[in-house]
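Enquirer: Build me a model:
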Amino acid sequence: MPFISDNLNRIKPSATMVITAKAAQLKREGKDVIGLSAGEPDFDTPDHVKEAAIEAIKKGYTKYTNVEGIPELRQAIVDKFKKDNNLDYTINDVIVGTGGKQILYNALISSININDEVIIPAPYWVSYPDMTLLAGGTPVIVSCSADTGFKLTAEALEKVITNKSKWLILNSPSNPTGACYSKDELNAIAQVVRKHKNLYVMTDDIYEYIVYDNFKFHTFAQVAPDLKDRTLTVNGVSKSHCMTGWRIGYAVGPSILIKAMIKIQGQSTSNASSISQYAALAGIGGSNDFLKPCLQAFDERRIYVFNRLNNIPGISCMLPEGAFYAYPNVSGLIGKKTSKGITLSNDTEIVEWLLETGEVAAVPGVAFGLEPFFRVSYATSLELLKDAMDRIERSVSSLA
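Expert: Numbering: from 1, shown residues only. Predicted structure coming up:
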């Protein structure tokens, strides 16, 4: 009898985690690696959030909480959706977990039956397909090219829906492309969803507040309130409040699904950290003014990286509308030869070559389901980004 579950053969390690770990190892070996692979804001957690955590410790809020989260935080999440998205929920429609990743995993595990299909537009966040496979479902990948702004169209959605379709996953602003769905684009998708009564929508809004050029964010249930009972909206404080290590994610949705997710969580991790929950309460319930300088810095970096990448022969890049990633097309580098005489044949080889020659860590497009691209994060200082772009440019100029 094999010791490891056969189910694990269906999935692969997170590519972003693998690249980040490899870059960290090279740094430990003394290499001057610039890591552009991790999706983590480089700004510190706001002081009022840290102070709320310290106060929670002093007050002894260090015990188990309800599996689904403390009532105060769940009410703050209800209030957030009313204020920001004009959506009405009760605390019974809310679950808090250890990061958005656990929330997504809970949702898929608690709702998918064997061979249920999950429609995933590509490029996608690396974990969606593997979570689906672990849950026993079948990922249905829909390639969304640069011609559609890396976004799913209503026509493309209609073509892939079958009687096995259970979920459609939407991520806006997108990891890895920075693409954002407009209100009209979401309305068109909603028109298709309405026709297919067994299809549910899971929206990953983790980058909701990180948008540029006066883009107006809308979440799916906000655009299609009649589909609210068929929509799970996932969010968290990791990106919006610079709280990646605090591990707090949350979701709102149909109470029957939320109850199922609580049941799963109760038999796995139980509650998220009590101290992190009180910190998140201060973040969600407080002002977002601290985010303004962060967004200004992200925007400056976004424009800089966009311009630099587009000035490198063989690379082209669309301007991200949100999040803090660029997703350059590297098809112009395919077939080029390195100084060692090796022909670059795909984006994985290009990323490995950049790490070796330029000591810049990125993530290949194959990890996100669309080649030949790679993802770079500009959630780091402008000084490091300038150095990284210089290194990429030098490496590319050495190709024959």
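Enquirer: what does stretch 23-41 rub up against?
Expert: 16, 19-20, 175, 239, 242, 244, 294, 324-325, 355, 359-363, 375-380, 384-385, 387-388, 391 (CB atoms under 8 Å, 6 or more residues apart in numbering). Yep, even glycine has a C-beta here, placed from its N, CA and C like the rest.
Enquirer: Among the residues you listed, name the buried ones.
Expert: Neighbour-count burial (16 or more other CB atoms under 10 Å) is assigned, among those, to 16, 19-20, 175, 239, 242, 244, 294, 324-325, 355, 359-363, 375-380, 384-385, 387-388, 391.
Enquirer: where does Asn9 fall, phi/psi-wise?
Expert: Dihedral angles of Asn9 (phi, psi; degrees, to the nearest 10) stand at phi -70, psi -10.
Enquirer: Counting neighbours, what do you get for it?
Expert: Per other CB atoms under 10 Å, the neighbour tally for Asn9 reads 10.
Enquirer: quick one on the thing from earlier: so which of the contacts of stretch 23-41 belong to strands?
Expert: Among the contacts of stretch 23-41, the ones falling in strands (DSSP state E) are 325, 360-361, 363, 375-377.
Enquirer: Max pairwise distance over these: which two?
Expert: Maximum pairwise distance in the ones in strands among the contacts of stretch 23-41, criterion CB to CB, is 14.8 Å, between Tyr325 and Val360.
Enquirer: does the closest residue in space to Tyr64 that isn't next to it in sequence count as helix, strand or coil?
Expert: Closest residue in space to Tyr64, ignoring its immediate chain neighbours: Asn271 at 5.9 Å, by CB to CB, 6 or more residues apart in numbering. The three-state label given to Asn271 by DSSP: H, G, I helix; E, B strand; the rest coil is coil.
Enquirer: Tell me which residues touch Asn271, please.
Expert: Asn271 makes contacts with 64-69, 96, 265, 277, as judged by CB under 8 Å, 6+ apart.
Enquirer: change it to 6 Å
Expert: Residues counted as contacts of Asn271 (CB atoms under 6 Å, 6 or more residues apart in numbering) are 64-65, 67.
Enquirer: Restricted to buried residues, select the residues you listed in ChimeraX.
Expert: Buried members of those can be picked out in ChimeraX with the line below, counting by 16+ other CB under 10 Å:
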select :65,67
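Enquirer: will you turn the contacts of Asn271 into TSV that also has pLDDT and distance to Lys337?
Expert: Output for the contacts of Asn271, formatted as TSV (pLDDT from 0 to 100; distance: CB to CB, whole Å):
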residue	pLDDT	distance to Lys337
Tyr64	98	60
Thr65	98	58
Val67	98	57
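Enquirer: Okay, buried residues for the host helix or strand of Gly283 please.
Expert: Counting by DSSP states H and E, the element that carries Gly283 is helix 274-285. When neighbours are counted by 16+ other CB under 10 Å, the buried residues of helix 274-285 are found to be 274-284.
Enquirer: ditto for stretch 222-232
Expert: Applying a neighbour-count criterion of 16+ other CB under 10 Å, one finds 222-224, 227-228, 230-232 buried in stretch 222-232.
Enquirer: How about stretch 81-95?
Expert: Neighbour-count burial for stretch 81-95, counted by 16+ other CB under 10 Å, picks out 81, 84-85, 87, 89, 91, 93-95.
Enquirer: again, but for stretch 295-315
Expert: For stretch 295-315, the neighbour count (16+ other CB under 10 Å) marks 295, 297-299, 301-302, 305-306, 308-309, 312, 314-315 as buried.
Enquirer: now those in a markdown table, with distance to Tyr209, secondary structure and pLDDT?
Expert: Rendered in a markdown table, the data for the buried residues of stretch 295-315 read as follows (distance: CB to CB, whole Å; DSSP: H, G, I helix; E, B strand; the rest coil; pLDDT from 0 to 100):
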| residue | distance to Tyr209 | secondary structure | pLDDT |
| --- | --- | --- | --- |
| Leu295 | 8 | helix | 98 |
| Ala297 | 14 | helix | 98 |
| Phe298 | 11 | helix | 98 |
| Asp299 | 13 | helix | 98 |
| Arg301 | 16 | helix | 98 |
| Arg302 | 15 | helix | 98 |
| Val305 | 20 | helix | 98 |
| Phe306 | 20 | helix | 98 |
| Arg308 | 26 | helix | 98 |
| Leu309 | 25 | helix | 98 |
| Ile312 | 30 | coil | 98 |
| Gly314 | 34 | coil | 98 |
| Ile315 | 29 | coil | 98 |
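Enquirer: Same list, these, but as JSON lines with distance to Asp205 please.
Expert: Compiled in JSON lines, the buried residues of stretch 295-315 are given as follows (distance: CB to CB, whole Å):
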{"residue": "Leu295", "distance to Asp205": "16"}
{"residue": "Ala297", "distance to Asp205": "22"}
{"residue": "Phe298", "distance to Asp205": "17"}
{"residue": "Asp299", "distance to Asp205": "20"}
{"residue": "Arg301", "distance to Asp205": "22"}
{"residue": "Arg302", "distance to Asp205": "19"}
{"residue": "Val305", "distance to Asp205": "24"}
{"residue": "Phe306", "distance to Asp205": "24"}
{"residue": "Arg308", "distance to Asp205": "29"}
{"residue": "Leu309", "distance to Asp205": "27"}
{"residue": "Ile312", "distance to Asp205": "32"}
{"residue": "Gly314", "distance to Asp205": "34"}
{"residue": "Ile315", "distance to Asp205": "30"}
